[in-house]
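Visitor: Build me a model from this:
(2 chains)
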Amino acid sequence: DSGVTQTPKHLITATGQRVTLRCSPRSGDLSVYWYQQSLDQGLQFLIQYYNGEERAKGNILERFSAQQFPDLHSELNLSSLELGDSALYFCASSVPLTGVNTGELFFGEGSRLTVL
Amino acid sequence: GESVGLHLPTLSVQEGDNSIINCAYSNSASDYFIWYKQESGKGPQFIIDIRSNMDKRQGQRVTVLLNKTVKHLSLQIAATQPGDSAVYFCAENLVPMDTGRRALTFGSGTRLQVQP
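Guide: Residues are numbered from 1 along each chain as shown, chains lettered A, B, ... in the order given. A predicted model of the protein is given here:
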């Protein structure tokens, strides 16, 4: 158990709909990352938040948005869903940067989104 | 564009043999690398990391080798076990910044199949 919690684990919805995925990082972790993993594909970085502020943006579509709340949990909002948005969406968190540390990310179990 | 990639999509080995998973990177500024293991239905898990000032690092049954001359990274697993069956990703990152952490860029992954 990585300590990162994602909900829901599975979600089935229709094209054109909107969904929200939720992530609770490990206790004490300030950074949250969102990744998308399509079938048999690698992990595509979407966006990163650090202590409530957007820190880095990857290949995130304009239809997608995210935020990190004061309690550090994060939500990824996916709107106007298309068939191609079907994927596993992973959230990861990392330790605060104090002194020497690794780049290790702790991943949740993912939210599997199926768009029909 | 700069990317991290893998040579072989699937590697099949006999139980007890040593496994070698390869990864090529193209970002010459990359100075920190991580290997992750992803079992079916789970999020990626950290295996081992290496900084660019090293060319070899050993863990428990795993060794990572870095060849900066040819921008090549490899993961060696000794005495491969059925539990090692998973998809392995290499990822690159710049050395973490003080105020945040640059997101990891993942390769496309290699599936390791261990035959009993």
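Visitor: contacts, neighbours, all on C-alpha from now
Guide: Will do.
Visitor: What does the residue in chain B that chain A sits nearest to show for phi and psi?
Guide: In chain B, the residue that lies nearest chain A is B:Ser108 (4.2 Å; Cα to the nearest Cα). Main-chain dihedrals, B:Ser108, degrees, to the nearest 10: phi -80, psi -10.
Visitor: so how many other residues sit close to it?
Guide: Residue neighbour count, defined by other Cα atoms under 10 Å in any protein chain shown, stands at 25 for B:Ser108.
Visitor: ok, it touching B:Phe89?
Guide: Yes. Using Cα atoms under 8 Å, B:Ser108 is in contact with B:Phe89, at 6.8 Å.
Visitor: overlap in contacts of those two?
Guide: A:Gly42 (Cα atoms under 8 Å, 6 or more residues apart in numbering or on different chains).
Visitor: re earlier: find the nearest non-adjacent residue to the residue of chain B closest to chain A, please.
Guide: Once flanking residues are discounted, B:Ser108 sits nearest to A:Gly42: 4.2 Å by Cα to Cα, 6 or more residues apart in numbering or on different chains.
Visitor: which residues touch the one you found?
Guide: Contact partners of A:Gly42, counting by Cα under 8 Å, 6+ apart, are B:Phe89, B:Phe106, B:Gly107, B:Ser108, B:Gly109.
Visitor: Out of those residues, which one has the lowest pLDDT?
Guide: Among the contacts of A:Gly42, B:Ser108 carries the weakest pLDDT, at 79.
Visitor: All set, thanks.
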